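A.B. asks: Everything below, folded, please.
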Amino acid sequence: MVKRYTAILIALIVTLVAVFCSRDRKRFFSSEGVVWTTEYHITYEADRDLDDSIQFILGNMDMSVSPYNKASLISALNENTMTRVDGYIKRLILASTVINRESSGAFDPTVMPLVNAWGFGYKSGSMPTRAQLDSILAFVGMDKLALHGDTLVKQDKRLMLDFSSIAKGLACDEIGRMLARNGAVNWLVEIGGEVTASGTNSRGTAWQVSVDMPSNDNVDSHESSFVLSLDSGAVATSGNYRKWRVEGGNKLSHIIDPRTGDSRAGTLQSVTVIASDCMTADAWATACMVMGENEVKRMMEHRQDLGVMTIAADTTSGALIVWSNAPFADKITAQ
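C.D. replies: A predicted model of the protein is given here:
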């Protein structure tokens, strides 16, 4: 009897040791798919597959902040059938308020009605007149909303929110935080070109993040302009070389200036921003595209908390001109 119990005890110990040892053996996993009409690619080192948690975050954020999901909370807020916000939207509003102020209004998630008017949103539009734009500007602006606890208060019921230029960054950050909570140290999360990274890749070196060269042929080309070396922090790119159209002989860009209502299809082709978190990088990349080449240089040349690179077209030759501040240049790796 004693021998039998001893054998059972030994077998139990062996099983427990095997279980714990297997949990300690980490390997790299990957998760890929489509969310918010864009692709995502996630690579992480962990002791188990965490795809269920990734899908949980993406699903929750879709139900919260996607204006293209009619059942989402943001849709209800825009339609004035709801006033209470959740944690995601509250964080996005608070972050947007700060970046709106620092960018002198160039970043503004209340731009949604203008985006729709130009035909780049979820409602049809084409070439709005100056009078139409001015009438819409009357209810565009972060100063026309307020948060009272978890309640959103609008000065004008026509005000609408669009977090498309910051929400993908928050999603990257949320997934990164989930990976960290589950013991992951090494990961790269990319959603629609917005990236957050930590640690090293499977080769034990810093993650290599390629920045696309702008292309004016309006196709999904991915010629690399630079490769960034990233072992922490985040990078995001915004550009007007993919989503544009020609109407009445004019090139129209999906980059809309919330201060004037105009479509920004100038010489600035793309802006890439490096920041400590992806939500910040995402929002500033859009803000810089709105500001334009000269304003970006003046604001970002001596800023140390953000790495910024612009790619602009020369007005005479059409050649691409690259500019970056020092924090960005420090992250460029030799190719």
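A.B. asks: hey, C-alpha coordinates of stretch 257-276 in CSV?
C.D. replies: The C-alpha coordinates for stretch 257-276 follow below in CSV (Å, rounded to 0.1, in the frame of the first residue of the first chain):
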residue,chain,number,x,y,z
ASP,A,257,-7.7,70.7,-41.4
PRO,A,258,-10.2,71.1,-38.5
ARG,A,259,-9.3,74.8,-38.2
THR,A,260,-10.3,75.8,-41.7
GLY,A,261,-12.3,72.8,-43.0
ASP,A,262,-10.0,72.5,-46.0
SER,A,263,-8.6,69.3,-47.5
ARG,A,264,-4.8,69.3,-47.0
ALA,A,265,-3.2,68.0,-50.2
GLY,A,266,-0.1,70.1,-50.1
THR,A,267,3.6,69.2,-50.6
LEU,A,268,3.8,67.2,-47.3
GLN,A,269,3.5,63.5,-48.3
SER,A,270,4.0,61.7,-45.0
VAL,A,271,4.9,62.2,-41.3
THR,A,272,6.3,59.6,-39.0
VAL,A,273,6.4,60.1,-35.3
ILE,A,274,8.2,58.2,-32.5
ALA,A,275,6.8,58.5,-29.0
SER,A,276,6.7,56.7,-25.7
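A.B. asks: So for it, mean pLDDT?
C.D. replies: If you average the pLDDT over stretch 257-276, you get 90.
A.B. asks: How about stretch 229-243?
C.D. replies: Averaging pLDDT along stretch 229-243 gives 87.
A.B. asks: Please spell out which residues along stretch 316-333 are buried.
C.D. replies: Ser324, Asn325, Pro327, Phe328, Lys331 (16 or more other C-beta atoms under 10 Å). C-beta here means a position set from N, CA and C on the backbone, and glycine is covered the same way.
A.B. asks: correction: stretch 260-275
C.D. replies: So for stretch 260-275, counting by 16+ other C-beta under 10 Å, buried means 261-275.
A.B. asks: of the residues you listed, closest to Thr196?
C.D. replies: Each of those was checked against Thr196 using C-beta to C-beta; the closest is Ala275, at 9.6 Å.
A.B. asks: which stretches of this protein have low pLDDT?
C.D. replies: Applying pLDDT under 70 to the chain flags residues 1-24, 122-125, 215-223, 241-252, 334-335.
A.B. asks: Could you pull out the helices in it for me?
C.D. replies: Under the criterion DSSP state H, helices of the chain are mapped to 2-24, 51-65, 73-78, 87-102, 112-117, 130-137, 167-181, 278-291, 293-300, 326-329.
A.B. asks: Put the alpha carbons of the shortest one into CSV.
C.D. replies: I take that to be helix 326-329. What follows is helix 326-329 as a C-alpha-only set of coordinates in CSV (Å, rounded to 0.1, in the frame of the first residue of the first chain):
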residue,chain,number,x,y,z
ALA,A,326,17.5,64.5,-33.7
PRO,A,327,15.4,62.1,-31.6
PHE,A,328,14.1,60.5,-34.9
ALA,A,329,17.6,60.3,-36.5
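A.B. asks: packing partners for it?
C.D. replies: Under the contact definition 3 or more C-beta pairs under 8 Å, 6 or more residues apart in numbering; DSSP states H and E, helix 326-329 sits against strand 268-275, strand 307-313.
A.B. asks: Show residues contacting the longest one.
C.D. replies: Spelled out, it's strand 268-275. 211-212, 214, 228, 230, 233-241, 280-282, 284-285, 288-289, 292-293, 296, 305-313, 320, 327-328, 331 (C-beta atoms under 8 Å, 6 or more residues apart in numbering).
A.B. asks: what's the offset of that strand from the middle of its chain?
C.D. replies: Remark: strand 268-275 is offset 12 Å from the chain centroid, using C-alpha atoms, centre = their mean, to the nearest Å.
A.B. asks: between that strand and helix 293-300, how big is the angle?
C.D. replies: 20 degrees (axes from the mean of the first three to the mean of the last three C-alpha atoms, to 10 degrees).
A.B. asks: May I have the strands that pair with strand 268-275, each with its orientation?
C.D. replies: strand 234-239 (antiparallel), strand 307-313 (antiparallel) (DSSP bridges).
A.B. asks: still on that earlier bit, quick one: which two of the buried residues of stretch 316-333 are the most distant?
C.D. replies: Asn325 and Lys331 (11.0 Å).
A.B. asks: Pull up the overlap in contacts between those two.
C.D. replies: Joint contacts of Asn325 and Lys331 (C-beta under 8 Å, 6+ apart) are Gly307.
A.B. asks: Out of the helices of the chain, indicate the one that is most buried.
C.D. replies: Among the helices of the chain, ranked by average contacts under mean count of other C-beta atoms under 10 Å, first place goes to helix 278-291 (a mean of 28).
A.B. asks: Can you spell out which helices and strands pack onto that one?
C.D. replies: helix 87-102, helix 167-181, strand 194-198, strand 234-239, strand 268-275, helix 293-300, strand 307-313.
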